[in-house]
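1. compute the structure for the input listed below.
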Amino acid sequence: MKELTTSESGGLIRMLHEELPGRKPYASDLLLLSTIVAGTTHVVGIEELEPFLRPGERLELVRIPDNPSDPNAIKIYTKDRVKLGYVPRKDNQILARLMDAGKLLYGTLREKEWQQDWLRLGVDIYMTDD
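-> The predicted model follows:
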């Protein structure tokens, strides 16, 4: 066990405490919210897009502070920058404040389901804690 802390390179203990590129050694992503994407009925071509949406897919969140109908607006995009909709107004205030403070938030597609002519997209929203 002595070699773990006293070897020339610092051993395992030192390795565990070194910073990884872009991440702290014990950083994790925190699940903040599970919600439904708002506005999917207004997305042109959602029927053609749906087969390409996969549960677990990472989604981008983009703040839209100059949105005239909601100053806390957050758009949700696929990794290819195709707009899916918005974080619902009832859920976006704290998320918007976190994003405005420089926190990195992202989503993952949890589930998708057609309910008549509405594509219900369940998403989980995470904050990168680093």
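2. just the helices from this structure, written as ranges.
-> Remark: helices assigned in the chain by DSSP state H are 2-6, 11-17, 46-49, 92-100.
3. so what's the residue count around the closest residue to Pro65 other than its chain neighbours?
-> Leaving aside its sequence neighbours, Pro65 sits nearest to Pro71 (Cβ to Cβ, 6 or more residues apart in numbering; 6.0 Å). (C-beta placed from N, C-alpha, C; glycine too.) One way to gauge burial is a neighbour count; for Pro71, by other Cβ atoms under 10 Å, it gives 13.
4. Pro71 and Arg89, how far apart?
-> Plainly put, Pro71 is 10 Å away from Arg89 if you go by Cβ to Cβ, to the nearest Å.
5. and Asp29, by the same measure?
-> The span separating Asp29 from Arg89 equals 24 Å under the rule Cβ to Cβ.
6. what does Trp118 give?
-> Here the criterion is Cβ to Cβ. By it, Trp118 lies 18 Å from Arg89.
7. cool, and Ile36?
-> In this structure, Ile36 and Arg89 are separated by 12 Å, where distance is defined by Cβ to Cβ.
8. swap in Ile64?
-> 12 Å.
9. partner residues bridging Ile76?
-> Ile76 has the following beta-bridge partners by DSSP bridges: Leu61, Gly85.
10. quick one: contacts for it?
-> The neighbours of Ile76, taking Cβ atoms under 8 Å, 6 or more residues apart in numbering as the test, are 37, 59-61, 83-87, 107, 123.
11. got a list of what the residue nearest the centre of the chain touches?
-> If you average the C-alpha coordinates of the chain and look for the closest C-alpha using Cα atoms, centre = their mean, you land on Tyr106, 1.5 Å from that point. In this structure, Tyr106 makes contact with 58-61, 125-126, 128, judged by Cβ under 8 Å, 6+ apart.
12. what's the first-to-last distance across stretch 31-46?
-> Using Cα to Cα, to the nearest Å, the gap from the first to the last residue of stretch 31-46 comes to 27 Å.
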